[in-house]
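Asks: Quick one: sequence and predicted model below, then my questions.
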Amino acid sequence: QKEVEQNSGPLSVPEGAIASLNCTYSDRGSQSFFWYRQYSGKSPELIMFIYSNGDKEDGRFTAQLNKASQYVSLLIRDSQPSDSATYLCAVRSSGTYKYIFGTGTRLKVLA
Amino acid sequence: GAVVSQHPSWVICKSGTSVKIECRSLDFQATTMFWYRQFPKQSLMLMATSNEGSKATYEQGVEKDKFLINHASLTLSTLTVTSAHPEDSSFYICSARDNQETQYFGPGTRLLVL
């Protein structure tokens, strides 16, 4: 059973701080990794994807991937109250286009 | 960025009726689309994978005769909930895969069956 694990939270951080969201996955054959943000009552919105080990930065967001440890994370710098949402980690395994989603981490940024 | 639309955004129907939901990729062609369902405070549950020009692939436990999927073109997939019952009330979300394998989600359709 391929699994993606996330801490459900809530993770509370003060405005302006760095929020660190973590995700682990069980399938070593996983190829691609995605972070989505989902506001309450809305559908998921793609934040970024990462395929290779290391860091990938896009504005205030940095994704970090460590395939040896089967670990992917998302850092949000200068967190804003508008970043308060549930963050979903998704993993694509080799040989399929399907994603396996984690249950999401709820982030609260306190003003 | 890639845009995916869904219609309708809200639907209320009587028990026993059928409801069709459309999913369109507006600015790219999608050979593969996915249909998810999400109950309150739960994660996304993949229902089926829709491939253009072929039959959909359903996840275990999802009734293919109840949730009819058609993917007639590279930009349109439809999900029909047949003989809907109150337990089918949920948030239905489609996604479309671009040629870089990234999935982009539609805004979702809230279905309430009375």
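Replies: Here it is on my side, so go on. Just so we're clear, the structure is a prediction, and the values are computed from it rather than from any experiment.
Asks: Could you report the neighbour count for residue 108?
Replies: I went with chain A, as the question did not name one. A:Lys108 is flanked by 15 other residues according to other Cβ atoms under 10 Å in any protein chain shown. C-beta: built from backbone N, CA, C; applies to glycine.
Asks: To clarify, I was referring to chain B.
Replies: Applying other Cβ under 10 Å, we find 21 residues neighbouring B:Gly108.
Asks: these two touch, right, it and B:Ser95?
Replies: No. Between B:Gly108 and B:Ser95 there is no contact, the gap being 10.3 Å when judged by Cβ atoms under 8 Å.
Asks: So which bits of chain A are right by chain B?
Replies: Counting by Cβ under 8 Å from any Cβ of the partner chain, the positions of chain A adjacent to chain B are A:32, A:34, A:36, A:42-46, A:49, A:88, A:90, A:92, A:97-99, A:101-104.
Asks: Now, of these, which are buried?
Replies: Buried members of those, scored by 16 or more other Cβ atoms under 10 Å in any protein chain shown, are A:32, A:34, A:36, A:43-46, A:49, A:88, A:90, A:92, A:98-99, A:101-104.
Asks: Can you pull the phi and psi angles for A:Pro81?
Replies: The phi and psi values for A:Pro81, taken as degrees, to the nearest 10, are phi -50, psi -30.
Asks: ok, it touching A:Ala17?
Replies: No. Using Cβ under 8 Å, A:Pro81 is not in contact with A:Ala17, being 11.8 Å away.
Asks: Comparing those two, which residue is more hemmed in?
Replies: Set A:Pro81 next to A:Ala17 and count neighbours by other Cβ under 10 Å: A:Ala17 wins out with 14 against 10.
Asks: Apart from its chain neighbours, what residue comes closest to the more buried one?
Replies: Counting by Cβ to Cβ, 6 or more residues apart in numbering or on different chains, A:Ser79 is the residue found nearest to A:Ala17 once chain neighbours are left out, at 5.4 Å.
Asks: measure B:Ile21 to A:Ala90 for me?
Replies: 22 Å (Cβ to Cβ, to the nearest Å).
Asks: I should have written A:Lys2 there, sorry.
Replies: In this structure, A:Lys2 and A:Ala90 are 12 Å apart, going by Cβ to Cβ.
Asks: what is in contact with those two at once?
Replies: Residues touching both A:Lys2 and A:Ala90 (Cβ atoms under 8 Å, 6 or more residues apart in numbering or on different chains): A:Ile100.
Asks: Pull up the overlap in contacts between A:Pro81 and A:Ala17.
Replies: Counting by Cβ under 8 Å, 6+ apart, the residues touching both A:Pro81 and A:Ala17 are A:Val109.
Asks: interface residues of chain B facing chain A?
Replies: Taking Cβ under 8 Å from any Cβ as the criterion, chain B approaches chain A at residues B:1, B:32, B:34, B:42-44, B:46, B:49, B:93, B:97, B:101-108.
Asks: Filter the residues you listed down to the buried ones.
Replies: Buried positions within the residues of chain B next to chain A, assessed by neighbour count (16+ other Cβ under 10 Å), are B:32, B:34, B:43-44, B:46, B:49, B:93, B:97, B:102-106, B:108.
Asks: from these, which is closest to A:Val13?
Replies: Using Cβ to Cβ, B:Ser43 comes nearest to A:Val13 of those, at 22.1 Å.
Asks: Show me where chain B dips below the pLDDT cut-off.
Replies: Of all residues in chain B, none has pLDDT under 70.
Asks: Spatially nearest residue to the one residue sitting closest to the centre of chain B (excluding sequence neighbours)?
Replies: In chain B, the centroid-proximal residue (Cα atoms, centre = their mean) is B:Trp35; its distance is 3.7 Å. Spatial nearest neighbour of B:Trp35, excluding adjacent residues (Cβ to Cβ, 6+ apart): B:Met47 at 4.6 Å.
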